[in-house]
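In: how would this look folded up:
(chains A, B, C and D)
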There are 4 protein chains.
Amino acid sequence: MSNETGTPAPRIPRDPQDDYTRAQAALRVDFVAEQTGVRLAHVDKYSFDPSILPGNIENFIGVAQVPIGLAGPLLVNGEHAQGSFYVPMATTEGTLVASYNRGMRLLTECGGVKATVVEQYMQRSPVFIMDDAVKARDLGHWIEANFEAIREVAESTTHAGRLINIGQYAVGPLRNLRFNFTTGDAAGQNMTGKATLAACEWIKAHYPGGAQFMLSGNMDTDKKHSQINMLQTRGKRVVAEAVIRRDILKRLMGVDTVDLFRARQISQAGAFLAGAANNGQHAANGLAAMFIACGQDAADVAESHAGVTYCQLLDNGDYYWSITLTSLIVATYGGGTGLPTQRECLEMLGCYGAGGANKFAEICAAVVLAGDTSLSAAVLHGDWVTSHDQLGRNRK
Amino acid sequence: MSNETGTPAPRIPRDPQDDYTRAQAALRVDFVAEQTGVRLAHVDKYSFDPSILPGNIENFIGVAQVPIGLAGPLLVNGEHAQGSFYVPMATTEGTLVASYNRGMRLLTECGGVKATVVEQYMQRSPVFIMDDAVKARDLGHWIEANFEAIREVAESTTHAGRLINIGQYAVGPLRNLRFNFTTGDAAGQNMTGKATLAACEWIKAHYPGGAQFMLSGNMDTDKKHSQINMLQTRGKRVVAEAVIRRDILKRLMGVDTVDLFRARQISQAGAFLAGAANNGQHAANGLAAMFIACGQDAADVAESHAGVTYCQLLDNGDYYWSITLTSLIVATYGGGTGLPTQRECLEMLGCYGAGGANKFAEICAAVVLAGDTSLSAAVLHGDWVTSHDQLGRNRK
Amino acid sequence: MSNETGTPAPRIPRDPQDDYTRAQAALRVDFVAEQTGVRLAHVDKYSFDPSILPGNIENFIGVAQVPIGLAGPLLVNGEHAQGSFYVPMATTEGTLVASYNRGMRLLTECGGVKATVVEQYMQRSPVFIMDDAVKARDLGHWIEANFEAIREVAESTTHAGRLINIGQYAVGPLRNLRFNFTTGDAAGQNMTGKATLAACEWIKAHYPGGAQFMLSGNMDTDKKHSQINMLQTRGKRVVAEAVIRRDILKRLMGVDTVDLFRARQISQAGAFLAGAANNGQHAANGLAAMFIACGQDAADVAESHAGVTYCQLLDNGDYYWSITLTSLIVATYGGGTGLPTQRECLEMLGCYGAGGANKFAEICAAVVLAGDTSLSAAVLHGDWVTSHDQLGRNRK
Amino acid sequence: MSNETGTPAPRIPRDPQDDYTRAQAALRVDFVAEQTGVRLAHVDKYSFDPSILPGNIENFIGVAQVPIGLAGPLLVNGEHAQGSFYVPMATTEGTLVASYNRGMRLLTECGGVKATVVEQYMQRSPVFIMDDAVKARDLGHWIEANFEAIREVAESTTHAGRLINIGQYAVGPLRNLRFNFTTGDAAGQNMTGKATLAACEWIKAHYPGGAQFMLSGNMDTDKKHSQINMLQTRGKRVVAEAVIRRDILKRLMGVDTVDLFRARQISQAGAFLAGAANNGQHAANGLAAMFIACGQDAADVAESHAGVTYCQLLDNGDYYWSITLTSLIVATYGGGTGLPTQRECLEMLGCYGAGGANKFAEICAAVVLAGDTSLSAAVLHGDWVTSHDQLGRNRK
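Out: Model (predicted):
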């Protein structure tokens, strides 16, 4: 709601000493009422003390209450996630939970989902700006030669972070670097930012002749989908795979694996032509719902929803289906994971705290696979199977 | 948490007659406790009656409480959004609200943000599967020739939806269609799905010789970033633009517009090389926070975060900055917008209900611009300005 | 070869009155000898009079002699190309002709290739630069409303060109336009450039308040691969499709269609992840060879090699294979098509001159399909078939 | 031209013993005349003995005579290319040579072009197909651990090739590998193919339990543009950079650097939105012309034309301009480089044979820069400068 006078709108009240109290929140709720005429009667209902919030929010006024539905059981045969899981999904999109639930049933009856983290890196991508391309290349070689020293400096700033390698991407007089870290159970954006800054300052100080940098040259690519993230991994690269039995698919969803595989050829062509971030169905749906429930950074859906679906129809008519999420950014420690409802949801999955991140990543990927099978079957069932001449069947 | 015995994990309790009650939710909370050992003590605190939830969630167990911070005022000179706004942002990422707040102050002091919806379409992309490419092309021509009839059939299923045009994308024997609708104040995925299905059934029934289709050939591309969405618009194409005054930027953020513009050349090159969905900074952060607060579909961050930044340094040293969000999917009606906290947040912005969607879209874009200016300045301030020889300054 | 003195290197001799003679060419050959020490003894052997060259080259010194190999027969069942063709391919890459020849034999024995031009557009993409996004959108609407007048102005500059539609792509205060023309048997880049310029000048003169433009905003995208070209067609969108018989493939190439289809799943995933311009094999090889032989613009390989492969394994084990070249830029009139060797090669295919462009496009696509089948089989035959446990066969 | 009878078209005559003679070529020319009615009177004029052609062509019938124009002098200050060069450009597109020539003059008067090869790799990308993602990851780790042994096997097949590293890209049960080699003065596609095959056979034989592979999983991406090639380099990554003096640009081309830089912001936005392979102008034009003249593989224009333009306007109004070609595939040894006209053209540049490849790459990049400056100025000069209110000048 706008103010109508010419005077500048007032600043939001804030107590620099002690802003994380119910009283301060209430003050701002009053302020909202004054400025907008809207009395927040639900936003200000929350079941925790605001004193837990530093590091999570500023100018706290209350909470969004996002409904959580329960889906499952989903049988996962992961390296870290093993057994049947009941998955909390926070969403306001009707049928989402039901559809994922249906896919979980299918996969569980088919023996469950294999899930695996195959690679993991969090990164910060500074850029060094040199006078010309030769000088930039020279710097690049020097950085390679001094990797161990750089690694030590970077790692000195963090307990959990390990600098694994530094990718280099040359553009004109610029040397874009991609510092790839492992970050334990944290997502690690801040940890890697701090470590990379220290490393860059060290390079700047020690490189003969000096070197200018910016901490990000936009190749991270933080909170953004990108092909480089798909190729080089951002967060965790996780694979979920299952063999869908022909009889069970038919019984539960009314479609044939043969038709599903034919449809896959079509949707692969469509995704390729569209320049899509994922040639599967709707990974973002399951991920966003789990992210909100479990205290992940929902902005990371931008990166996390990217993926590659790879399938094969087996000789016996069963259907091997895999989804590789290339840039899944999750954490079970830090960020929003310790907030009350968020922590409870992680605990439901046995994923809260140290050691939980890979397990949680495996469950996420398995959930995505469940959702993709369910939606694919639904799209197909709508028309194709009931029609008489199906794709390719009668092609001459 | 997994079960350890060989018996299948039990199904989630559900009452097909009346599942949207506190009792049913409590039953499932008990079930969670039994199955996982976790007693949900915060998730089950919510301030509304579950009877409002049909159409938003299944197997309801409670809510995620996501902290909301207040940012603003942000002065917007839009076509629909006019005045100073206080923006609710739901996030668990510390500094996010503070950083956006800082950008809002900058833009407001510089005279505010122009914001405009320049195009809007929601779509469903069915694919027709023909015997060969000639037959697919013939069908395509027939669809063009019969557009009016198809439009009538499609629009007969909806009050708000209008079929504007049908894009065609030929691949082999396939004819991918992109039915582009306007959808009023709803995001419109379901509306367009239903209307497109009716249209496709009509085509199938009336096309001489018949025609097979799938309702989606993966060119929508629903819940997925894609280049086609950037090019052809999905949801709303919104531009936010501002002229940042050199003196104000320096005073508030300590950086010079000239340096900011130089840095922009670098981050544009980085984004282009990375194959990024957005050559700006972190649109996803602001959007995810507003989406969760305001009852939008958080999965649509996947599409919505895409954008193109276009800037010019003006002769007087001020800095023209625009961000074009090409695929912003928002609604002020339907979906999660009517839930209690979500509705309150939309109301704070004066956007709830009919007529609010374009206004909300303009505010979203303005918020994104605020966040991008703030982060860009922060990245730059870290090193560049303090150093003696800056990029290009001394280049010979 | 460089000169070593400090004096500037001399300008190339040129006779502004009459530069297209053997004498002038010889003068420059002497100049080359003086400046570089290299006497061009083969370059200066050409079988035609340089007087034919205006419009094709400046500063003529002789010719590159590129070896042409003959491939075929290739049976094409196109709309314009019908019958068996012997294809001239100019290349210096050994085995290229042999490999394409092998694929042609396969396809011909399988009954030939269906080939069809399903869409065609050549474009120029000017950009109008307005004060803000609202003004840019207003201009866009005005252009839509005045399309007929704009079309007339554009078409007044050309005999063959027809303006079909104008795509609009909004970015900030910019309005990128894509003027889509049909251009008869010419590739049409210059024709569309001239027509678009006239149209833009008209818009600039007639739009109330005026409007600035650049003739290209880089969305054409001339001589560059791009996703927009794949989506919206540049040049001709051509499909070649064939059903490969299982027995014939096995006999001629030693591989099974079932294995070939399994391999396709892998190469589709690879191309998608790589962000490739084509999920097939090596379209550029066949196209470059035909382009050089037949007087096409070899730089257009950049755009022309893009494509989408779509396949299905049929119930009887035969293999339906299609390739859709989305941006094939070819001509049978103008440009290099009238030069002696180039014209002979077009004539061999019965494509020279008016009416030949679609026929030539169909043959190009059929040739690409031949090359892709041959290489795919070769890759597969290398290892897979001879091994005992093949992909997916024994998956449990 | 098609045959009209039902009998299959005859096979092309070929002498398996001695096919590379004028007599055999003439036999095929007669065959063409019989089959198509076209007598090749120019194609069969060539100045060399066909006995030199094995390894370059099959079924030789003659040559395409592609006109060569001379451009230059172009002053290059490279690491390998130093001095003024006269560049042979084979094309049939009128004005191409003139336009590049104009750009060369500009750059030369401005002090020449710095050019540098900053990275180089040729690759083959096999894919290993395992039972599941865990097994694929295990194989990946084993390959890392056994890199030295793999390198030795690979390098045992080649004199010039060196295996530098092996990139790994996991998708489901697949492990895509990218074997990155340096290849001396050859382009090296075949060399790396052979070496990679040996390495893969060794892995297959030595990996405990065995491992299936295909020699290409389509991530090479051979003869195809791709984002991975832009990121990770294919062939040579070459930078050309120059500082364009404001006064010289104005004198020679009639445009102001300030306007040129403003226009660059627009064309960068356009290229980003279009999903283009290059945000510069028309690299493919210059490269195709040099490739044909100098015996390069013209199909590699597909990969080679990709690039990133990065510019800065300097404080004094001069204009720093760089183009980074990320995937330039060139050779001065092997392939078509030894054919008569092609060799002469390489010799003109002092690039023929061992040691010439980097020099040739530098010249190629410098030529591309010349062409891009010339075309950019031409586009701009068309309208902008003559108009009164220019972009951004009067923006308020």
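
In: Buried ones in stretch A:127-145, by neighbour count?
Out: A:127-140, A:143 (16 or more other C-beta atoms under 10 Å in any protein chain shown). Quick note: C-beta positions are derived from backbone N, CA and C, even for glycine.

In: Which of those sits closest to chain C?
Out: A:V134 (18.5 Å; C-beta to the nearest C-beta).

In: Up against chain C, what does the stretch 201-350 of chain A have?
Out: Residues of the stretch 201-350 of chain A lying near chain C by C-beta under 8 Å from any C-beta of the partner chain: A:227, A:230-231, A:243, A:262, A:265-266, A:268-269, A:271-275, A:279, A:308-315, A:320, A:326.

In: could you redo the last one with a cut-off of 10 Å?
Out: Proximity of the stretch 201-350 of chain A to chain C, by C-beta under 10 Å from any C-beta of the partner chain, involves residues A:226-228, A:230-231, A:243, A:258, A:261-262, A:264-266, A:268-276, A:278-279, A:306-316, A:318, A:320, A:322, A:324, A:326.

In: show me what contacts A:T341?
Out: A:46-48, A:63, A:65-66, A:68, A:88, A:90, A:292-295, B:40-46, B:62-66 (C-beta atoms under 10 Å, 6 or more residues apart in numbering or on different chains).

In: pretty sure A:S84 is in a strand, no?
Out: Yes: the assignment for A:S84 by DSSP: H, G, I helix; E, B strand; the rest coil puts it in a strand.

In: Touching, it and A:G112? I think so.
Out: Yes: look at A:S84 against A:G112 with C-beta atoms under 10 Å: they come within range, at 8.3 Å.

In: Can you list the buried residues in the lengthiest helix in chain A?
Out: Determined from DSSP state H, the single longest helix within chain A is helix A:357-383. For helix A:357-383, the buried set under the neighbour-count rule, 16+ other C-beta under 10 Å, comprises A:357-380, A:382-383.

In: That one near chain B anywhere?
Out: Yes: legend: contact between helix A:357-383 and chain B by C-beta under 10 Å from any C-beta is shown at A:371, A:375-376, A:378-380, A:382-383.

In: what does stretch A:34-51 give?
Out: Yes: judged by C-beta under 10 Å from any C-beta, stretch A:34-51 comes into contact with chain B at A:35-48, A:50.

In: again with stretch A:109-129
Out: Yes: remark: stretch A:109-129 sits within contact range of chain B at A:109, A:125-127, A:129, by C-beta under 10 Å from any C-beta.

In: Relative to B:G83, how far out is A:T7?
Out: Remark: distance between A:T7 and B:G83 (C-beta to C-beta, to the nearest Å) = 12 Å.

In: Now do the same contact list for A:E362.
Out: Contacts of A:E362 by C-beta under 10 Å, 6+ apart are A:76-82, A:85, A:113-117, A:236, A:238-240, A:328, A:351.

In: Please name the residues that touch the residue of the stretch 101-250 of chain A found nearest chain C.
Out: For the stretch 101-250 of chain A and chain C, the shortest gap (C-beta to the nearest C-beta) falls at A:Q227, measuring 4.5 Å. By C-beta under 10 Å, 6+ apart, the residues touching A:Q227 are A:221, A:275, A:277, A:306, A:326, B:273-277, C:273-275, D:226-228, D:230-231.

In: and for A:S84 and A:G112, which residues touch both?
Out: Common neighbours of A:S84 and A:G112 (C-beta under 10 Å, 6+ apart) are A:73-76, A:104.

In: can you give me the strands in the stretch 201-350 of chain A?
Out: For the stretch 201-350 of chain A, the strands defined by DSSP state E, counting those that start in this stretch cover A:212-214, A:235-244, A:307-313, A:319-328.

In: got JSON lines for the ones you listed, with distance to A:T21 too?
Out: Shown next, in JSON lines, are the strands of the stretch 201-350 of chain A (distance: least, C-beta to C-beta, whole Å):
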{"stretch": "strand A:212-214", "distance to A:T21": "38"}
{"stretch": "strand A:235-244", "distance to A:T21": "35"}
{"stretch": "strand A:307-313", "distance to A:T21": "43"}
{"stretch": "strand A:319-328", "distance to A:T21": "36"}
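
In: Now render those as JSON lines, adding mean pLDDT and distance to C:L174.
Out: Conversion of the strands of the stretch 201-350 of chain A to JSON lines gives the following (pLDDT from 0 to 100; distance: least, C-beta to C-beta, whole Å):
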{"stretch": "strand A:212-214", "mean pLDDT": "95", "distance to C:L174": "26"}
{"stretch": "strand A:235-244", "mean pLDDT": "98", "distance to C:L174": "35"}
{"stretch": "strand A:307-313", "mean pLDDT": "98", "distance to C:L174": "33"}
{"stretch": "strand A:319-328", "mean pLDDT": "98", "distance to C:L174": "31"}
